[in-house]
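Student: Predicted model and sequence below, questions to follow.
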Amino acid sequence: MSRYPLIERPLDINGCILRNRIVRAAHGTLLAFPNGFVVGDDLIAYHVERARNGVALSILETANVHPSSFGAIQAFLPGNDEGWHKLATACNAEGMKVFQQLYHGGSTRGATGDGKGAWSASGGPVPWHSDPAIPMSKDMIDTAIAAYVDVARRCKAAGINGVELHAAHGYLVHEFLSPLSNRRTDDYGGSPENRMRFLVEILRGFRDALGPDYPVGVRLSASELAPGGLEPPDIVRIVERLQDDKLIDFLDVSLATYASPDMQVAAMHEPVGYERPWADPVARAARVPTFINGRFNTLREAEDMLATGICDMVSIVRGLIADPQLIPKSLAGREDEVRPCIGCNQQCIGGVNVFPPRMTCVVNVNAGLELTAQPIGTSAMPGKLLVVGGGPSGLEAARTAALRGHKVVLHEAGDALGGNMRFARRAPCRADIGKIIDYQIRELENHGVEIVLNSPLDAAGIAAIGADHVILATGMEPRRDGLQRFFQLPVQGAHLPHVRSMVEVLAGAGDDATHAVVFDDLGTYPAVAVAEYLLARGKKVTFASSLQAVAERLAAAFNQRPHVARLSGYDSFEFFPNQSVVEIREGSARLRQIGTEIERTIPADLVCFCSVGEPRDGLQAELGKAGIASTLTGDASGRFDLGHAIRSGHEAAMAI
């Protein structure tokens, strides 16, 4: 009997037979970027890897239909026809169907290449950037419709199995639908019927060009999550109109716009199925196969969603980035072997919003690199490997080495594995970050790695073990001098006992404090975690940062705004940007605004520096003197980042 009977049922979408109920909704990878934003081998390899592991349907990321916008795939370029054909042929051969999402970014993509304003339903300010939009003329509307239809026709000719019109997330079609962005007074504005006109005309163009037996669908945001914007009853009316006119064969229900981007691709602060309060009424109104999104990461979560009866397919995107083999492992009852998505957004959505843009994954070192990834395989010369340090980097090194056939022993100085992640997962809304540690530990147990706790090693101890190879994943030591990015002098009082590191605070040091100064020199998760941990325990927190905003470096991962909102919800929270800490005394900390002489003294019986530490790399020099070669990984190699920790541990083991 199947463990997941609802998932394993085939589904017919207008003659396109899908082998099960798992879909991968369109998501940015920017893997076409190296190929001139044309579908190429990197993107093909990425999707083929998921195809051969049981996914029923993948919807390719935004294909921009016209030069007045920008997309992950510039669909109007002729080179895509060959790429689409190669991709569809390769994926279909593995049993997976491929639909192409078609879109125009509208105002979200800023001014066009010729310096003119971004096309939109109306002019004025827009949520995502400071460039104003320009209202489209009737000629521009006709041009856009023709461009959508032309690309759809080319997709069909190239062998793509269906198309999805992107009418969500504040892009061009959505801007016509929404009363917030559509202030027109002609036939394309005003009444709901008029605001639907652009959408309807595109879909009619699809039907005329593609015929009645080619799958056509639409993606809609169930709610804009913005005052005065579209809400589920409005979307239900749109869906009913499209169904009555037989314009769609499937419905993809999403959420939000760039007024609330963190709810488009929510991170670990949101639960599984977080979109359901808005999506459910829309999905219930659908008479065509309907896809549901919302941080689903396991087959059990998808099966439970299908059991509600309100949808026909469940999208798993990040879960299948983290582990392409999620489906076969789960169907075989090996769920514990699935590498988990931790919902950090750091290198998936975060990777496509930086330059050069490319999606990768914190926990899966091969994600987005399938074309060049080296299979783990068995080592030609297996030997004895010693890993020193049981944080995420050491655990990944031990795991990879064991899979390659090495005999691995791991020594950890503390009483438990996990390194700093043991404490990071204690912060509010951060529990999921620990899932990767749980997985790595299970893997070590499954592959026979010898684990020795409470075992600090020096050079003599390492020499006595007699390993063929040594990997040093010894982490970083918190700085005790107060050195900062913009104040590179020792801070008087930094050595005082109430000055603590991030890990020490999350481990419980300072739980008796009443007023803490949390200094953020990184702009990432740690300072937020420390501040929220303290606030949840009733402490007053003064958050000072060398940067201009709270969690500034998380904006690219659509993960800054929810942190700011939660912290700002505490009356006992205050924030001072552009600061350095210049002196600490018993009961206070003195801050100075960077670039000025403006200072303020803050009462504090706890001061926490969230900054880079000192790599614990001295052991490598000692081993070198003894003639023992070793490799530094993770924080010990000088970079304080979870993705680097895991990747460097993997690469060190692969190099042996």
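Tutor: That came through, no problem. Numbering: from 1, shown residues only.
Student: Not including adjacent chain positions, what is the nearest residue to Ile235?
Tutor: With CB to CB, 6 or more residues apart in numbering as the criterion, Ile235 has its nearest non-adjacent residue at 4.9 Å, and that residue is Val282. To be clear about C-beta, it is placed using only N, CA and C from the backbone, and glycine gets the same treatment.
Student: What helix or strand is that neighbour located in?
Tutor: Assigned by DSSP states H and E, Val282 belongs to helix 276-285.
Student: Return that helix as PDB; C-alpha atoms alone will do.
Tutor: Output of helix 276-285 as PDB, limited to C-alpha atoms (Å, rounded to 0.1, in the frame of the first residue of the first chain):
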ATOM      1  CA  ARG A 276      -4.000  29.000   3.200                       C
ATOM      2  CA  PRO A 277      -6.100  31.600   5.000                       C
ATOM      3  CA  TRP A 278      -6.200  33.600   1.800                       C
ATOM      4  CA  ALA A 279      -5.800  30.700  -0.700                       C
ATOM      5  CA  ASP A 280      -8.500  28.400   0.600                       C
ATOM      6  CA  PRO A 281     -11.600  30.400  -0.600                       C
ATOM      7  CA  VAL A 282     -10.000  30.900  -4.000                       C
ATOM      8  CA  ALA A 283      -9.100  27.200  -4.400                       C
ATOM      9  CA  ARG A 284     -12.600  26.200  -3.300                       C
ATOM     10  CA  ALA A 285     -14.100  28.300  -6.100                       C
END
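Student: sorry, back to before: my read is that the residue nearest to Ile235 contacts Val253, right?
Tutor: Yes. In this structure, Val282 is within contact of Val253 by CB atoms under 8 Å, at 5.2 Å.
Student: Leu18 against Leu57, yeah?
Tutor: Yes. Taking CB under 8 Å as the definition, Leu18 is a contact partner of Leu57 at 5.2 Å.
Student: quick one: which of those two has more around it?
Tutor: Using other CB atoms under 10 Å, the more surrounded residue of Leu18 and Leu57 is Leu57, with 28 against 23.
Student: which residues does that one contact?
Tutor: If a contact means CB atoms under 8 Å, 6 or more residues apart in numbering, then Leu57 has Leu18, Ile22, Val23, Arg24, Met96, Lys97, Val98, Phe99, Met313 as its contacts.
Student: Which helix in the chain has the most residues?
Tutor: Counting by DSSP state H, the longest helix found in the chain is helix 138-158.
Student: next SSE after it?
Tutor: Scanning forward in sequence from helix 138-158 by DSSP H and E, the next helix or strand is strand 162-166.
Student: Could you point out the helix or strand that follows that following strand?
Tutor: Next helix or strand after strand 162-166 toward the C-terminus (DSSP H and E): helix 172-177.
Student: List of residues touching that next one?
Tutor: For helix 172-177, contacts defined as CB under 8 Å, 6+ apart pick out 69, 103-107, 119-122, 144, 165-168, 181-182, 188-189, 195-199, 202, 220-221, 230, 238, 257.
Student: what's the average pLDDT for that helix?
Tutor: For helix 172-177, the mean pLDDT works out to 98.
Student: Phe575: what's it in contact with?
Tutor: By CB under 8 Å, 6+ apart, the contact list for Phe575 reads Thr542, Phe543, Ala544, Ser545, Val550, Leu567.
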